[in-house]
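In: Coordinates for the following, if possible.
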Amino acid sequence: MSSNLHPMLNVAIKAARAAGAIINRAALDVEAVRISQKQINDFVTEVDQGAEQAIIETLLTAYPGHGILAEESGSQHGSKHSEYVWIIDPLDGTTNFIHGFPVYCVSIALAVKGKVEHAVVYDPTRNDLFTATRGRGAFLNDRRIRVSKRTRLGDCLISTGFPFRPGDNFKQYMAMMAELMPRTAGLRRPGAAALDLAYVAAGYCDGFFESGLSIWDVAAGGLLVTEAGGLVGNFTGEADYLEQRECLAGAPRIYGQLVGLLGKYSKFASAGEKASVRQAMADAPDSAADGQAPAADATTHPDSAAEDTQTRPGAAP
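Out: The predicted model follows:
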């Protein structure tokens with residue numbers, strides 16, 4: 001930890017490394033890890049829970065009056081009414097982890113009065129530590145990072161996340177990918193949204209988009225992107241994205257081009273745009289994905305009702 005960093009960021013780093021140590025130990029024998037299923041294709045392990053507990057204990061030992069919003073335990077820890085709320089995903093990329101696929105991370109953000117002020121994304125497999133404090137820039141292992149300088153979408157690598165839950169709009173996602181694939185150098189699906197956003201901040205990817213994300217998936221990564229000189233918002237380009245379950249990020253020039261292509265797929269698109277998308281999808285040949293699960297309205301998600309019962313900071317960074 002560095003004496004030049006904000007004390008709260010230093011505590012977040014300590015918490016992330018403690019969680020990373022638990023994850024790395026478990027990764028040595030991932031077959032022995034107990035796994036349960038929250039819903040179809042949505043897993044939680046004893047490692048998620050152990051890492052989350054280590055994070056919460058570290059944060060509340062330092063700041064007992066702060067609030068906690070954590071993926072596995074919600075807001076049952078810490079103060080319920082604090083202006084300081086830690087937003088935690090102890091293991092983003094659980095499905096990757098349980099398969100031994102080494103793309104996952106720890107994500108910790110601190111929101112003050114609803115605005116994210118500090119962020120840590122830690123990749124324990126590579127010992128890569130991404131950090132940011134509002135107004136002080138973004139860093140990878142103490143080295144300042146910036147978003148990509150590319151300006152042509154055709155030169156760009158874009159990351160995303162594929163739908164995986166029953167009720168996700170598979171057909172719409174196929175249409176979004178069909179928009180982008182011919183226009184980019186490549187589309188990637190690593191499987192951990194917080195790390196995807198960190199990679200946009202570092203310039204490894206030029207842009208990122210995904211729907212169905214929760215606040216703990218995007219809070220830390222979003223600050224990394226903006227502090228690295230990028231833009232982050234929903235598919236229409238609006239900056240208030242934290243709780244809207246759709247996220248788009250990128251270098252400024254690329255962000256604008258992505259909004260132009262993907263904005264019509266947003267749940268906030270105009271009625272005319274939504275109608276044109278529905279018509280285009282109706283005219284398209286049926287895909288194999290349609291047989292996996294019935295298409296649902298893009299604004300509905302099976303876990304959204306449960307999440308709405310949790311107390312969360314309401315403003316975007």
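
In: Now the phi/psi pair for Ala185, please.
Out: Backbone torsions for Ala185, taken as degrees, to the nearest 10, come to phi -80, psi -20.

In: any idea how far it is from Trp86?
Out: In this structure, Ala185 and Trp86 are separated by 37 Å, where distance is defined by C-beta to C-beta, to the nearest Å. Bear in mind the C-beta positions are built from the backbone N, C-alpha and C, glycine included.

In: ditto for Ala192
Out: The gap separating Ala192 from Trp86 is 19 Å, by C-beta to C-beta.

In: tell me the SS of the closest residue to Arg17 other than its chain neighbours?
Out: If the residues on either side of it in the chain are set aside, Arg17 comes closest to Tyr122, at 6.7 Å by C-beta to C-beta, 6 or more residues apart in numbering. Per DSSP: H, G, I helix; E, B strand; the rest coil, the local secondary structure of Tyr122 is strand.

In: for Tyr122, what are its contacts?
Out: Ile13, Ala16, Arg17, Ala19, Gly20, Cys105, Val106, Asp128, Leu129, Phe130 (C-beta atoms under 8 Å, 6 or more residues apart in numbering).

In: swap the cut-off to 10 Å and go again
Out: Neighbour list for Tyr122: 12-13, 15-20, 23, 105-108, 128-131, 194-195, 198, 220 [criterion: C-beta atoms under 10 Å, 6 or more residues apart in numbering].

In: Just the ones of the residues you listed in helices?
Out: Within the contacts of Tyr122, membership in helices is found for 12-13, 15-20, 23, 194-195, 198, 220, as judged by DSSP state H.

In: got those residues as TSV, with distance to Pro90 and pLDDT columns?
Out: Compiled in TSV, the ones in helices among the contacts of Tyr122 are given as follows (distance: C-beta to C-beta, whole Å; pLDDT from 0 to 100):
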residue	distance to Pro90	pLDDT
Ala12	13	98
Ile13	15	98
Ala15	10	98
Ala16	9	98
Arg17	13	98
Ala18	10	98
Ala19	5	97
Gly20	10	97
Ile23	8	95
Ala194	11	97
Leu195	14	98
Ala198	16	98
Ala220	12	98
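
In: With that, I have no additional questions.
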